[in-house]
Structures are given as structure tokens and as C-alpha cells.
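*Asks:* this is the structure alone, sequence omitted:
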Ligand code: HEM
């Protein structure tokens, strides 16, 4: 009753078909500057007509809190998948795209309890050391280059190794890891190109046959790389020895879908879940690592202070910073948090939807719409952060005994991992990876800017928000610490 007298949040009047066609060719993040401009005109909650559903965009911290925390259960749903994502998600049988219900709960709880639980995360310490050695080796090899080392591909490979080991166990070699990385990246970077297929799929299946075939081909390639690993691991699990450490794929065989007669997952669904695990944890983390190292190169005083902090905790002769030592380094933690605030890898959380029509701030948020939250804008709010575009880790040093609260449960000050029921389940793992690698990269090497290059912090949208001019740096092993 009350609802019928209320209207959608304001927004520009559009000519439905033509404009949604134009919108759809862009990914949501490419729309960011347009949305900012519209919000300066219409306010912090607006509606755009994209495709057949109204898309609502929220940039205000307090509205996000009202939605995702105070009315968390209502705003925890996901919209129905578009045609291409229906294929990539095995019809929404993964954590990030499942609707809010028993299947989502089962899959998310499995990941949390079996893989992201602190004791299990600890068991992967050996993998992290191994990957650190690979990364250091690669950086040392390339350091003689006079134009500096382009670090991003090494960061990407390192994060990929880590997540592949957690997903498929630790018996893979470099060639196999490379193969998986390639097939995953091709799909991820292709997503923009395939977006157009979602515009009226029955029509694009006729007129964009080649592009559809290309898309289906990529999914087939993914299957041909991942399925043998999945099957091989199933056999390994049956004959497990003493040194067996559970991998993500091992946890999936015994799950029973509560909504579907307790059937087990199909191989197609297991491919999807492994792929989600790899994608969610690699690009996001390597992007954050690059942004943080870029600021460390740009501002030598930050590097010095980090180095001094590490020196005060580990022995001078220590080859590496151990995981136990990280908790004794508040400045390191502050650098990581400031990196995630100033340069969040995802400028939007994944699209949410509501479980039923809901009135927010006097506007109707309709069930058939999508709700998008603008992460970057929240962390740059001058009402919370003094001089918000400056990189100042010190702001996080007085966060109190509990440390800074990333869950936003009382108030949202930034939300690099989202907040509420759909908050990133991997946030603690991501922060551990960032702390471990940043500390060790600064402990093992001295980082310097390339002469005449003051490290350009411009952004470019890929799968995540990356550096437009990727970081290049001189990296020299520290001999006398
Ligand atoms: C710096 C690294 C990372 C960042 C910035 C990040 C950020 C995010 C964001 C913004 C969301 C969407 C939240 C929402 O829709 O409200 C998300 C969801 C998710 N992330 Fe992460 N993430 C990172 C690392 C990881 C890692 C390491 C994993 C797992 C190994 C992971 C697994 C997931 C999953 C499964 C979801 C879907 C959650 C759901 O829909 O219930 N992420 N992440």
C-alpha cells in the first residue's frame, strides 16, 4: 500500500531500447564517472535503466549501512544471471551469484569452514613460503634491467600459484599452473567483449553466432584444463597419505544441495566453483599488492618506516619475515589498510538485489532491479577522511585495541570487501597475503623509482581497477640490513 505511492530513486529519462543497448556494451565500472556526474545532479541514490531492469546506484555510506547492515537479509540477494553468466556460473551454483538461500549458505559455509578457517589457512604456510621464494627469484633475475622491473606479471603469477595450490593441492608444476592461469585470464578479460551477448540473447544467438561460439569455446577450454585436475585429485584423495592437506576441490564432492533432493554437485558445477575460487582471490589481491608497492616506491619515507618496523621485530640475519611476526607490525597493517581505502581493487561490490520491494530513504527499491554500491566513493568521503586522496597510513595507527573494523557493523567508513551478509569471505586471507608479501618484499629488497618516473597513480578498469601505467621499479637485494 505504502509502496504504491512511492517511486524509484531519481535518474535521467532514457529511450529504453537504444540507451540500454549503449549501456550494456559497457561494464558497470566503466560507468563510474557517468554515475558520479548524475549523482551530483540527482543525489546519492539514483536509477539507471540498463537492459530490462532498473539499476540503482548508492554512493552514500549511511544509505549503504541502512541497506546492507540494518536490512541485511533483504539486500543479500543477487539478481538472476544474464545469459553468459548463467553458463559460467552453472546456473548460479556458485557463492557469488547464488540467490540468498540454502544453496548459497551451504557453499559459503563450506568455503569458510573447510578452507578459510584459521587452522586450515595456517596449514598452507608452506605454500606461501614456496611462492615467496618463486617471487623473490623472479624479481632478482629481472632486477638488472636499466628501465626497471615491471612487477605486475610476477605478482599475478605468485597469487595464482597460491590459490591454485589451495584449490588443487600442492602437487602441480609450473607448466600446469601457467596453463590454468592462461585459460582463466582469457575468460576474465574477455567478459567485457561478451557482455553484448546478454542484450536480447535469442537475437544475438542469431546475429552474433561467432562471438557466442568464441565464448562457448573459452568455457570448453576451461573445462579441458580443469577437469583432468579435478578428477586426478579425486583419486589422490581416496589414497591419501600422511602429508595430505585438504584442498578446496576435495571439499566439494560430498556436498548435498538442500534445495535439489540432496543431489551432489556435478562436474560442471565443481569446475565453476574452482574457477570462482581462483578468480576471486588472485586478481583482486595482486592488484592491491601492485597499488601498495607503487605507493611504497613513490614515497621512500613509507618504505623506510616499514623497514625500521620489521627490523625491530625480526633478527637482523633473518632471511624472511615469518607469519607470526606480522601481528607485531602495526605500521605494516596501516599501510595495507590505506592501500585498500585509497585504491580498492573493486570500485563496486557485485550487484545485489532485494528479496522483496523495499522502501529506502523514501524511494522504492524494486525486486526486479539491481542494487550497486560504490566502494571507492565511500572510502574517499571527506567527512570521514581528512585529505582523502592522499596516501597516509598514519590515519590507521590509532584504531584502538580491536583494530580498524572492516565489517562496517556500526558505521561504514570504507568497504573494500563489501559489508553485510555478502561480505567477501576471503578478506582475512587477502589481508594475510598482502601483509606477508609486502613485509617480505621490503625486507628482502630495496625499492627505488626509475629515474625521471614519479610513479603515475592513474587508474584503468580491467577486471579490477588496475594501474594505467603499471609499476616499474629498481629492485636491489638488501645486503647489509
Ligand atoms: C584484496 C583482495 C580481495 C578483495 C578487494 C575482495 C573484494 C570482494 C568484494 C567487494 C566482494 C563483493 C561483496 C558484495 O557483493 O557485497 C567479494 C565477494 C567475494 N569474494 Fe572477495 N575480495 C578479495 C579476495 C578474496 C579471496 C582471497 C577470496 C577467496 C579465496 C575471495 C572470495 C570471495 C567470494 C567467494 C565472494 C562472494 C561472496 C558472496 O556472494 O557471498 N575474495 N570480494
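*Replies:* Sure, I can see it. Everything numeric here is computed off the predicted structure, so don't read it as measured data.
*Asks:* only C-alpha atoms from now on, for both contacts and neighbour counts.
*Replies:* Noted.
*Asks:* quick check: pLDDT value at the closest residue to the ligand within the stretch 1-150 of the chain.
*Replies:* Nearest residue of the stretch 1-150 of the chain to the ligand: residue 96, at 3.4 Å (Cα to the nearest ligand atom). On the pLDDT scale, residue 96 is placed at 96.
*Asks:* go on, residue 134?
*Replies:* 95.
*Asks:* Provide a list of residues in contact with it.
*Replies:* residue 158 (Cα atoms under 8 Å, 6 or more residues apart in numbering).
*Asks:* which SSE is it in?
*Replies:* In this structure, residue 134 sits in helix 125-142 according to DSSP states H and E.
*Asks:* kindly report the same for residue 286.
*Replies:* Judged by DSSP H and E, residue 286 forms part of helix 267-298.
*Asks:* now do the same contact list for the closest residue to residue 67 other than its chain neighbours.
*Replies:* Nearest non-adjacent residue to residue 67, counting by Cα to Cα, 6 or more residues apart in numbering: residue 75, 6.2 Å away. Under the criterion of Cα under 8 Å, 6+ apart, the neighbours of residue 75 are 67-68, 352-355.
*Asks:* which among these are in contact with the ligand?
*Replies:* By Cα under 6 Å from any ligand atom, no member of those lies near the ligand.
*Asks:* CSV for those, including pLDDT and neighbour count?
*Replies:* Listed next are the contacts of residue 75 as CSV, based on pLDDT from 0 to 100; neighbours: other Cα atoms under 10 Å:
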residue, pLDDT, neighbour count
67, 98, 23
68, 98, 24
352, 97, 24
353, 97, 26
354, 98, 24
355, 98, 18
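*Asks:* for the protein, what lies in contact range of the ligand?
*Replies:* 95-96, 277, 280-281, 284-285, 288, 345-346, 349-350, 416-419, 422-427, 429-430.
*Asks:* emit the ChimeraX select command for whichever of those are buried.
*Replies:* Selection of the buried residues among these in ChimeraX, burial being defined by 16 or more other Cα atoms under 10 Å:
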select :95,96,277,281,284,285,288,345,346,349,350,416,417,418,419,422,423,424,425,426,427,429,430
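*Asks:* residues contacting the spatially closest residue to residue 83 that is not a sequence neighbour?
*Replies:* Of all residues not flanking residue 83 in the chain, residue 198 sits nearest, at 5.5 Å (Cα to Cα, 6+ apart). Residues in contact with residue 198 (Cα under 8 Å, 6+ apart) are 82-84, 204.
*Asks:* which of these lies closest to residue 396?
*Replies:* Residue 396 has its nearest neighbour among the contacts of residue 198 in residue 82, at 39.9 Å by Cα to Cα.
*Asks:* residue boundaries of the strands in the stretch 101-250 of the chain?
*Replies:* 149-150 (DSSP state E, counting those that start in this stretch).
*Asks:* worst-scoring helix or strand of the chain, pLDDT-wise?
*Replies:* In the chain, no helix or strand scores lower on mean pLDDT, DSSP states H and E than helix 16-24, which sits at a mean of 52.
*Asks:* tell me the first helix or strand C-terminal of that one.
*Replies:* helix 32-42.
*Asks:* what does that following helix contact?
*Replies:* With Cα under 8 Å, 6+ apart as the test, helix 32-42 has contacts from 10-12, 45-46, 57.
*Asks:* can you rerun that using 7 Å?
*Replies:* 10-11, 46 (Cα atoms under 7 Å, 6 or more residues apart in numbering).
*Asks:* then stretch 273-280?
*Replies:* Contacts for stretch 273-280 (Cα under 7 Å, 6+ apart): 94, 163-164, 167, 249.
*Asks:* okay, now residue 305: neighbour count?
*Replies:* As a burial measure, residue 305 scores 13 neighbours (other Cα atoms under 10 Å).
*Asks:* wait, what's in contact with residue 371?
*Replies:* Here residue 371 is in contact with 55-57, 351-353 (Cα under 7 Å, 6+ apart).
*Asks:* what are the bridge partners for it, then?
*Replies:* residue 56, residue 352 (DSSP bridges).
*Asks:* please confirm that residue 318 is located within a strand.
*Replies:* No - with DSSP: H, G, I helix; E, B strand; the rest coil as the criterion, residue 318 is coil rather than part of a strand.
*Asks:* ok, how many other residues are close to it?
*Replies:* Neighbour count for residue 318, taken as other Cα under 10 Å: 12.
*Asks:* what do you get for residue 390?
*Replies:* If you count neighbours by other Cα under 10 Å, residue 390 ends up with 11.
*Asks:* quick check on the residue lying closest to it once chain neighbours are set aside: phi, psi?
*Replies:* In space, and not counting its chain neighbours, residue 390 is closest to residue 342: 7.8 Å by Cα to Cα, 6+ apart. In this entry, residue 342 is assigned phi and psi values of phi -70, psi -30 (degrees, to the nearest 10).
*Asks:* next up, the contacts around residue 342.
*Replies:* Residue 342 neighbours (Cα under 7 Å, 6+ apart): 379, 389, 391.
*Asks:* and if you look at residue 151?
*Replies:* Here residue 151 is in contact with 471-472 (Cα under 7 Å, 6+ apart).
*Asks:* ok, it to the ligand distance?
*Replies:* 17 Å (Cα to the nearest ligand atom, to the nearest Å).
*Asks:* go on, residue 319?
*Replies:* Residue 319 is 26 Å from the ligand, by Cα to the nearest ligand atom.
*Asks:* all helices for the stretch 201-350 of the chain, in order.
*Replies:* 201-207, 209-238, 267-298, 300-311, 323-326, 330-342 (DSSP state H, counting those that start in this stretch).
*Asks:* kindly reformat those as a markdown table containing distance to residue 127 and mean pLDDT.
*Replies:* Converted to a markdown table, the helices of the stretch 201-350 of the chain look like this (distance: least, Cα to Cα, whole Å; pLDDT from 0 to 100):
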| stretch | distance to residue 127 | mean pLDDT |
| --- | --- | --- |
| helix 201-207 | 43 | 82 |
| helix 209-238 | 18 | 92 |
| helix 267-298 | 15 | 97 |
| helix 300-311 | 22 | 98 |
| helix 323-326 | 12 | 96 |
| helix 330-342 | 22 | 98 |
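*Asks:* closest one to residue 140 among those helices?
*Replies:* Here helix 267-298 is closest among the helices of the stretch 201-350 of the chain (Cα to Cα), at 16.2 Å.
*Asks:* next, the angle from the closest one to helix 209-238.
*Replies:* Here helix 267-298 runs at an angle of 100 degrees relative to helix 209-238 (axes from the mean of the first three to the mean of the last three Cα atoms, to 10 degrees).
*Asks:* re the thing from before, check the contacts of residue 198 and tell me the two furthest apart.
*Replies:* Maximum distance among the contacts of residue 198 (Cα to Cα): 13.0 Å, for 82 and 204.
*Asks:* quick revisit: against residue 93, how distant is the residue nearest to residue 83?
*Replies:* 19 Å (Cα to Cα, to the nearest Å).
*Asks:* also residue 350?
*Replies:* Residue 350 is 16 Å from residue 93, where distance means Cα to Cα.
*Asks:* equivalent analysis for residue 411, please.
*Replies:* Distance check for residue 411 against residue 93: by Cα to Cα, it reads 32 Å.
*Asks:* neighbour-wise, which of those two wins?
*Replies:* Neighbour totals were compared for residue 411 and residue 93, and residue 93 leads with 22 against 15 (other Cα under 10 Å).
*Asks:* how about the more buried one: what's its closest non-neighbour residue?
*Replies:* residue 269 (6.5 Å).
*Asks:* tally of neighbours for that neighbour?
*Replies:* Residue 269 - counted by other Cα under 10 Å - has 19 other residues nearby.
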